[in-house]
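Q: I would like to see how this sequence folds:
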Amino acid sequence: RIGKRALRNNMMVGLAGAAFVAIFVFGIPFPWVVATAALVGYAGNRVGLAAFAPGSGHGPNGKGAAWADKDSLLGEEIPPHARPSTARVLRVAVLWTALWLAPVFAAAYAGAPPVFVDIGVFFSKAAVVTFGGAYSVLAYVAQAAVDTYHWLRPGEMLDGLGMAETTPGPLITVLQFVGFMAAYRNPGALDPLMAATLGGMLTSWVTFVPCFLWIFVGAPYIEALRGNKGLSAALSAITAAVVGVVLNLAVWFALHTLFHEVRTVPGLALDVPVVRTIDPWAFALSAAAMVAIFRFKVGMIPTLLACAGVGLILYVAGVI
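A: As a prediction, this is how the structure comes out:
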């Protein structure tokens, strides 16, 4: 669905493919993929490439006029409190940056276990590059939590995603799970459960407090930025790259779900499954779910319930 909206020409398809290869094969961190895509989009627009020309209209499907009518309901003038102001931006930025980073500095200088600083710094970085929604961020989190910090094993990351998909708001649930487990396994002098609870809370704080910073600082400039063709081209390129990032997440989870053993190619980040270790029941359930959703248009909730029910029956029967 993201691809249908974002990959409107061959250039965007190429960006998505390049992003997938960069992460899946070479393990390039998500922030670098986003930054490179933004530069490509901006540069492409500057040199006049048609592939990076922004679409017309401000609203969905180019319905700019309808959106303009809705905007006019707010009045002809921007209210004083919403007008851009350098002094206001500085005050807001200082306040929310202090709130954002205060727990991280407190952990660093109060003798807390080092894992709290790692959690604070990593999830702060994730908050800064949260382009493309939950599943693009989860690809970055999975890559770091499993391969870089070794907070979780691949199967445990799968458990976290499975748990999160049973509730609304999968992103925050998965991130809290990762932060919880990271601190639980590296508690220092603290009780493991207490450390884990604090780790989950810190994860939530540094992930979502920055959202207020972006909104309160950027909102007065939205109207001006909305007409910036270079920025629009950069964001379009980022969205195309995100399609490749989400594909990477899907492939990563599929490999570790369908195969009991996955090996990493030396010198690369490329994961290759050991074919003989395939889980036939996981493969059958995945295939059935895809057919149900794409061929017969079965809803997400009935599909999840059916898969969960079959999995429970197989577990009780001792098959898995």
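Q: what are the ranges of the strands in this protein?
A: Using DSSP state E, the strands of the chain run over residues 262-264, 271-273.
Q: Could you list every helix and strand that the last one packs against?
A: It refers to strand 271-273. With contacts taken as 3 or more CB pairs under 8 Å, 6 or more residues apart in numbering; DSSP states H and E, strand 271-273 sits against helix 229-258, strand 262-264. For the C-beta atoms, the positions are set from N, CA and C on the backbone; glycine is no exception.
Q: same thing but at 6 Å, please
A: strand 262-264 (3 or more CB pairs under 6 Å, 6 or more residues apart in numbering; DSSP states H and E).
Q: strands paired with the strand it packs on, and their directions?
A: Strands that pair with strand 262-264, judged by DSSP bridges, come out as strand 271-273 (antiparallel).
Q: Give me the contacts around the partner strand.
A: Strand 271-273 is contacted by residues Leu255, Phe259, Val262, Arg263, Thr264, Val265 when judged by CB atoms under 6 Å, 6 or more residues apart in numbering.
Q: tell me the two of those that are most distant?
A: Among the contacts of strand 271-273, the pair separated by the greatest distance (CB to CB) is Phe259 and Val265, at 14.9 Å.
Q: Of all the strands of the chain, which one is nearest Met11?
A: Here strand 271-273 is closest among those (CB to CB), at 28.1 Å.
Q: average model confidence for that closest one?
A: Averaging pLDDT along strand 271-273 gives 93.
Q: just stretch 138-146 next, same as before
A: Across stretch 138-146, the per-residue pLDDT values average to 86.
Q: Identify the residues contacting it?
A: Identification of contacts with stretch 138-146 by CB under 6 Å, 6+ apart yields Phe30, Trp151, Leu152, Pro154, Met157, Val178, Val245, Asn248, Leu249.
Q: Now distance to Tyr42 and mean neighbour count too, for the strands of the chain, in a markdown table please.
A: Converted to a markdown table, the strands of the chain look like this (distance: least, CB to CB, whole Å; neighbours: other CB atoms under 10 Å):
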| stretch | distance to Tyr42 | mean neighbour count |
| --- | --- | --- |
| strand 262-264 | 34 | 13 |
| strand 271-273 | 32 | 15 |
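Q: With distance to Pro280 as added columns, please give those strands in JSON lines.
A: Shown next, in JSON lines, are the strands of the chain (distance: least, CB to CB, whole Å):
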{"stretch": "strand 262-264", "distance to Pro280": "17"}
{"stretch": "strand 271-273", "distance to Pro280": "14"}
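Q: And Phe259 and Val265? Which one has more around it.
A: Phe259 (20 against 10; other CB atoms under 10 Å).
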